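Student: Prediction below, plus the sequence it came from.
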There are 2 protein chains.
Amino acid sequence: MGTAADHDTHPPAPASHYNSDVGGNHRVEIPPPQPFITSLKNTLKETFFPDDPLRQFKNQPPAKKFVLGLQYLFPILEWGPRYTLQFFKSDLISGITIASLAIPQGISYARLANLPPILGLYSSFVPPLIYAVMGSSRDLAVGTVAVGSLLTAAMIGDVVDVNENPTLYLHLAFTATLFAGLFQACLGIFRLGFIVDFLSHATIVGFMGGAATVVCLQQLKGILGLDHFTHATDVISVMRSVFTQTHKWRWESAVLGLAFLFYLMIAKFFSKKKPKLFWISAMAPLTSVILGSVLVYLTHAEKHGVQVIGQLKKGINPLSIMNLNFDSRYLTTSIKTGIITGIIAMAEGIAVGRSFAMFKNYNIDGNKEMIAFGMMNIAGSCTSCYLTTGPFSRSAVNFNAGCKTAVSNIVMALAVMLTLLFLTPLFHYTPLVVLSSIIIAAMLGLIDYEAAIHLWHVDKFDFLVCMSAYVGVVFANIEIGLVMAIGLSILRVLLFVARPRTLVLGNLPDSTVYRNVDQYQNATNVPGILILEIDAPIYFANSSYLRERISRWIDDEEDRIKSTGETGLQYVILDMSAVGNIDTSGISMFEEVLKIIDRRGLKLGLANPGAEVMKKLNKSKFLETLGQEWVFLTVGEAVGACNYKLHTCNSKINSSNVSEKYSNNV
Amino acid sequence: MGTAADHDTHPPAPASHYNSDVGGNHRVEIPPPQPFITSLKNTLKETFFPDDPLRQFKNQPPAKKFVLGLQYLFPILEWGPRYTLQFFKSDLISGITIASLAIPQGISYARLANLPPILGLYSSFVPPLIYAVMGSSRDLAVGTVAVGSLLTAAMIGDVVDVNENPTLYLHLAFTATLFAGLFQACLGIFRLGFIVDFLSHATIVGFMGGAATVVCLQQLKGILGLDHFTHATDVISVMRSVFTQTHKWRWESAVLGLAFLFYLMIAKFFSKKKPKLFWISAMAPLTSVILGSVLVYLTHAEKHGVQVIGQLKKGINPLSIMNLNFDSRYLTTSIKTGIITGIIAMAEGIAVGRSFAMFKNYNIDGNKEMIAFGMMNIAGSCTSCYLTTGPFSRSAVNFNAGCKTAVSNIVMALAVMLTLLFLTPLFHYTPLVVLSSIIIAAMLGLIDYEAAIHLWHVDKFDFLVCMSAYVGVVFANIEIGLVMAIGLSILRVLLFVARPRTLVLGNLPDSTVYRNVDQYQNATNVPGILILEIDAPIYFANSSYLRERISRWIDDEEDRIKSTGETGLQYVILDMSAVGNIDTSGISMFEEVLKIIDRRGLKLGLANPGAEVMKKLNKSKFLETLGQEWVFLTVGEAVGACNYKLHTCNSKINSSNVSEKYSNNV
């Protein structure tokens, strides 16, 4: 025992002698060689087409393929012909419901983005029509979102002061929307939608909560009727801005605002209790707007410090394609704003689409959705709209109102068109404070503290990610919060790979199964054999660590044995079941570990290496160095082989003592 | 069969009825709860102290602990008292050998860094003394390195033109060295040494090869005797610079250079063939310098276009602590240069130290080494030295010359000191072209094309990483090459996690072992049961993918079954052995998968989830939703339970047909 050459001269006896786990005589197989091109093709397919979107095109005649292709691009061609009057009735109701929500919300969010209020209505007209043709969700209601609006204001406002140069600001907002659309469409076309997956659930909870908090804080301006307000979004600046102007607070405004907020929250509460009463909550913003406007009109409150929307231009969207600004001074700002708002908006839209699809049991192709969002924003940027997506609140109302297809979006667009053509004067007296209340009521629902508590219970690291997103957004700014959360999430993945778990396995009583001794309290060590499971792929990032850690396990085991006086350590078995892949640094690590183990007079065995690992260990000649007979199909088999050798060798010295121990473990 | 509530009413029969794999009745255990603080402590320990450096301090009296602590910081206190005359003889020989290499190399590399040649000698005096006291490697020979020199020249040269303002350039080089030292020491003190692990073997091969190519190209200036030369390092700029000045090429210089290069290469060739002749190669640079100087002195070639070093100041290192430049205009440059050169130099030094330690079977603590390198560079920056580390070539000579301890570094430092005090005038006539030849000869050894070919054979992605580092360095610049290679390496880790492999398992004949059907050609599917293995931790980055992929496997399996007319699919078993961890996004994914599977009328079973996974599935109540009885210890047990149910249910309809199939698979 114990020298490196040993295993060449004494191969272990055939499996059947010492192992009852496997009946036949199985070897760990090296997978059949695959041409480089085939494996490359498979890898690319798994990376970019995991959902196999072309499945339906297989084995179809060319004409059918063309039709399917058109239907793939324009889902309306697929469901349109099967559209019924019954469907239309449902879609009409839900369309009108979401329009009544879209109009006040659109105006509010446009103000949040520091854009003319009318843009909120424009953005609820063209984009929903595009989405109805190209989108594949049946429940998504298209519109602007608070977080996207706030981000637009923050990022463009950083470069252009909206009060000094409102036209330039407006044009940059259109340009940013164009880039957002282009970016979304490109991600979809190149099937890079998985980028969105890097926004984890925890990140989104924290980020949305933080953004909602920030948006609510911004509404203090409207509620308190302040004229001057900080441009910063962090809580400290806002609080300073609010409390240095206490003498300018207007009680009329505050009372009105709080009253409407109370009304909206009550409506929400009822709808939450009884989902059938969804329309109470859906109609509440519009009734608030009407009530508020009437109240102001009657009391002439606009002359007593209650700010109102004022003149809104009649008529549908003017073209804005000539207003796109590609001036090199502002280009980076537009592109950056476009990419960041585009990805955030898209993440929300796709998550919303997917959850409703999951509910109604149909499929959504994320990449196709991105193309639809992209086209919708590209078209929007040319027709005086800014960033739109599928917001959760509006889509939930749409769903509850019983929508059947994207026709509800068309109905909403038509309702908004009628408003634009005939009803804009009615908004003249709408008090801004009502809009603030509407925004706050919508935002409070986004602060999902219950989800944060759930994260704390289930996964502390996810909670940390969530909190850092929240704190970053609230105390610094939206971008910093987002970067911190994504950075932490990626760091976690890297740390997982850099510091994989190594587990000591023990034998479950009366079985040939070996499991982690920390998890299974009744698993027992096998005398003379240290069994370690490596729990991650072996890559450059963890190969040094694993080398150190394996040495340390051996040290610990030898210390333990010394103190208990058990049989000395003779074998180290590495269970490779969980090692999905290995790179050349990992192979060097194995060579070094083999040397370390040889030098200590021990022997190394590998159990159950997977296909990729076997292939690479074979190609790098490590299998030759180790000896193919030291690679086992299962841990049980490996232990059997070691015990057999331990037994036959030791029996020459002391047969009775060891065979007793041995018999306990086979 | 088939509805979600089923498993609550019909728990499977006890394990012993249908399963021979496990003798007893084992359950998958939920690990005992651990206080948050304990698990945090363990995680931090594994992340920062994987090598358990404080092991030797355990259970020692305070006085002993103090002595051990001192010895830990200053390893010389540990080996010094045991130092013998025998050791000294060996160290003396190897010290003189490396000094003879250090002097010409030092001068050459200082010129490569656009620094006064004498700095190369200074840098071989103070830093080796510091390392001898603080370093733990017995074989490392300290000195400047080509890549570090070139990087210094490129990064500082970007901001300050060395010809216009040589003093500022020099001072910035000292400052960058200080920051490199501080950075290295901090990494070591905060035990962040694992950052170096993110430089994979493939990255280093490509990067070093590229840097060596670039350095060789730069030597064309010296070899061809050109006065003006591009500051860019990429191959295109260099070639343009060389071939637009063909009329200025000096044949005297070229002939001399090529002759010495030939001599150096021959010497290297012999030493490689017979390692005992290491001294031929080690002495060759010094003999070249002497020969070249004598030749120039005799022929007065310095007056015929052969450039020489010229006056070198006598005397040892002057203090440079007052020359450190913290001017805010240059501070970012110094810090950036310091960090990048520091990390690259450190990576080489630690890799070299580790490989020789592995060879002689002693241990090196990477973090402690970093502190030693850091102190050496901090002290160097105050004594007119620039960046030093443990270069591979010099350490290999040291090793081959039979060094025993770091005393060889002290001998080298003393030899350099004597040179500085008395012999600098001898270098007056040393032709620059000889220095260029010395650099080229050293660099050619760094272009490790055999390693690149090996990478291609074993791991295509590693080859891609290696090539992108090489191409990036050679065609763009050193930083771009490095960023590309590290970016690709990290992308690979992320892609591994984002697109984990899912494998279909089949039953190995005559056994209860289930393995990947692609790897094991004789593994057979179990009728009615789809067994999938997930090969990575389940994180936000892959949860969407896994949901899609599992659906697709089910689709594929159902298609296959339809075409073959086998028993319809009834169960999906997920083998979780390789799932090391899960986050909250992953748990949501499971909830969705369970819904999808339920809706298709199938049942989901989990096999062998690990400790972390069980803990989180339990906390999130997923185990309740799934039903604890659908979690199995092994795949074999899960299949047994499913087959048992399949059998008892189907036998009511058609007993003979199914039981035949069933009996084949238990």
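Tutor: Yes, it's here.

Student: And the pLDDT at A:V666?
Tutor: You'll see A:V666 listed with a pLDDT of 37.

Student: burial of the residue in the stretch 401-550 of chain A positioned nearest to chain B, as a residue count?
Tutor: The minimum distance from the stretch 401-550 of chain A to chain B, using CB to the nearest CB, falls at A:F540 (3.0 Å). Placement of C-beta: from N, CA and C, glycine included. A:F540: 27 surrounding residues under other CB atoms under 10 Å in any protein chain shown.

Student: Could you do A:P35 as well?
Tutor: There are 8 residues near A:P35, going by other CB under 10 Å.

Student: Would you double-check that A:G506 falls in a strand?
Tutor: Yes. The assignment for A:G506 (DSSP: H, G, I helix; E, B strand; the rest coil) places it in a strand.

Student: Please parse chain A into its domains.
Tutor: What automatic domain parsing lists as the domains of chain A is A:6-30+A:499-664, A:84-494.

Student: hmm, back to that, which residue packs closest to the residue of the stretch 401-550 of chain A closest to chain B, ignoring adjacent ones?
Tutor: Distances taken as CB to CB, 6 or more residues apart in numbering or on different chains put B:S200 closest to A:F540, at 3.0 Å, once the chain neighbours are dropped.

Student: just checking, the one you found touches B:V465?
Tutor: Yes. Using CB atoms under 8 Å, B:S200 is in contact with B:V465, at 6.7 Å.

Student: Need the residues touching each of these two.
Tutor: Common neighbours of B:S200 and B:V465, counting by CB atoms under 8 Å, 6 or more residues apart in numbering or on different chains, are B:S489.

Student: what are the ranges of the strands in the stretch 301-450 of chain A?
Tutor: Along the stretch 301-450 of chain A, counting by DSSP state E, counting those that start in this stretch, no stretch forms strands.

Student: Just the mean pLDDT for stretch A:227-244, thanks.
Tutor: Here the average pLDDT along stretch A:227-244 is 86.

Student: how far does that stretch stretch from start to finish?
Tutor: Start-to-end span of stretch A:227-244 (CA to CA, to the nearest Å) is 13 Å.

Student: Need the residues that contact it.
Tutor: Stretch A:227-244 has contacts (CB under 8 Å, 6+ apart) with A:150, A:154, A:157, A:213-214, A:217-218, A:220-221, A:224, A:226, A:245, A:248, A:474-478.

Student: Is it possible to mark the buried ones in the residues you listed?
Tutor: Buried members of these, counted by 16 or more other CB atoms under 10 Å in any protein chain shown: A:150, A:154, A:157, A:213-214, A:217-218, A:220-221, A:224, A:226, A:474, A:476-478.

Student: And those residues, which is closest to A:K41?
Tutor: The nearest member of the buried ones among the contacts of stretch A:227-244 to A:K41, counting by CB to CB, is A:I478 at 40.7 Å.

Student: pLDDT at the closest one, what is it?
Tutor: We have a pLDDT of 80 for A:I478.

Student: pLDDT below threshold where in chain A?
Tutor: A:1-25, A:649-666 (pLDDT under 70).

Student: circling back: with distance to B:I573 added, can I get the domains of chain A in TSV?
Tutor: Shown next, in TSV, are the domains of chain A (distance: least, CB to CB, whole Å):
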stretch	distance to B:I573
domain A:6-30+A:499-664	16
domain A:84-494	23
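
Student: out of those domains, which comes closest to B:D559?
Tutor: Judging these by CB to CB, what sits closest to B:D559 is domain A:84-494, at 16.1 Å.

Student: Quick check: end-to-end length of that closest one?
Tutor: Per CA to CA, domain A:84-494 runs 52 Å from first to last residue.

Student: does A:L115 really touch A:Y386, like I thought?
Tutor: Yes. Between A:L115 and A:Y386 a contact is recorded at 6.2 Å, counting by CB under 8 Å.

Student: picking that back up, out of the domains of chain A, which comes closest to B:L602?
Tutor: domain A:84-494 (14.3 Å).

Student: Which stretches in chain A count as strands?
Tutor: Using DSSP state E, the strands found in chain A span residues A:502-507, A:514-516, A:529-534, A:571-575, A:603-607, A:631-632.

Student: hmm, back to that, return every residue with contacts to both of A:L115 and A:Y386.
Tutor: In contact with both A:L115 and A:Y386: A:S149, A:T152, A:A173, using CB under 8 Å, 6+ apart.

Student: ok, residues contacting stretch A:327-342?
Tutor: With contacts defined as CB under 8 Å, 6+ apart, stretch A:327-342 is touched by A:148, A:151-152, A:155-156, A:158-160, A:168, A:172, A:175-184, A:325, A:377, A:387, A:479, A:482.

Student: Enumerate every residue touching A:L495.
Tutor: B:T47.

Student: and if you look at A:N361?
Tutor: Counting by CB under 8 Å, 6+ apart, A:N361 touches B:R599.

Student: what residues does the stretch 551-666 of chain A put near chain B?
Tutor: Neighbours of chain B within the stretch 551-666 of chain A, by CB under 8 Å from any CB of the partner chain: A:551-552, A:555, A:577-581, A:583-585, A:587-588, A:592, A:595, A:599, A:608, A:610-612, A:614, A:616, A:619-620, A:633-634.

Student: hmm, try it at 6 Å
Tutor: Listed as neighbours of chain B in the stretch 551-666 of chain A under the rule CB under 6 Å from any CB of the partner chain: A:R552, A:S577, A:A578, A:G580, A:D583, A:T584, A:S585, A:A611, A:K616, A:K619, A:S620.

Student: Filter those down to just the ones in helices.
Tutor: Those of those mapping onto helices are A:R552, A:T584, A:S585, A:A611, A:K616, A:K619, per DSSP state H.

Student: Give the closest residue to the third one in space, chain neighbours not counted.
Tutor: If the residues on either side of it in the chain are set aside, A:S585 comes closest to A:F540, at 3.7 Å by CB to CB, 6+ apart.

Student: Just the residues contacting stretch A:251-261, thanks.
Tutor: Outside stretch A:251-261, the residues that touch it by CB atoms under 6 Å, 6 or more residues apart in numbering or on different chains are A:I223, A:L224, A:G225, A:S288, A:G305, A:V306, A:V433, A:V434, A:S436, A:S437, A:I440.

Student: Phi, psi for the nearest residue to A:M614 once chain neighbours are set aside please.
Tutor: Closest residue to A:M614 apart from its sequence neighbours, by CB to CB, 6+ apart: A:I30 at 4.8 Å. Note on A:I30: its backbone torsions stand at phi -90, psi 130 [degrees, to the nearest 10].

Student: can I assume A:A113 is in contact with A:M155?
Tutor: No. A:A113 lies out of contact with A:M155 (CB atoms under 6 Å); the separation is 10.4 Å.

Student: More neighbours: those two, which one.
Tutor: The neighbour comparison of A:A113 against A:M155 (other CB under 10 Å) goes to A:A113, with 27 against 22.

Student: For that one, which residues are in contact?
Tutor: With contact taken as CB under 6 Å, 6+ apart, A:A113 is in contact with A:S149, A:T152, A:A153.

Student: hmm, back to that, and the residue nearest to A:F540, how many neighbours?
Tutor: For B:S200, the count of nearby residues is 28 (other CB under 10 Å).

Student: ok, now which ones touch it?
Tutor: Neighbours of B:S200 in contact, by CB under 6 Å, 6+ apart: A:F540, A:S585, B:S489.

Student: what separates the second one from B:H201, distance-wise?
Tutor: Plainly put, A:S585 is 4 Å away from B:H201 if you go by CB to CB, to the nearest Å.
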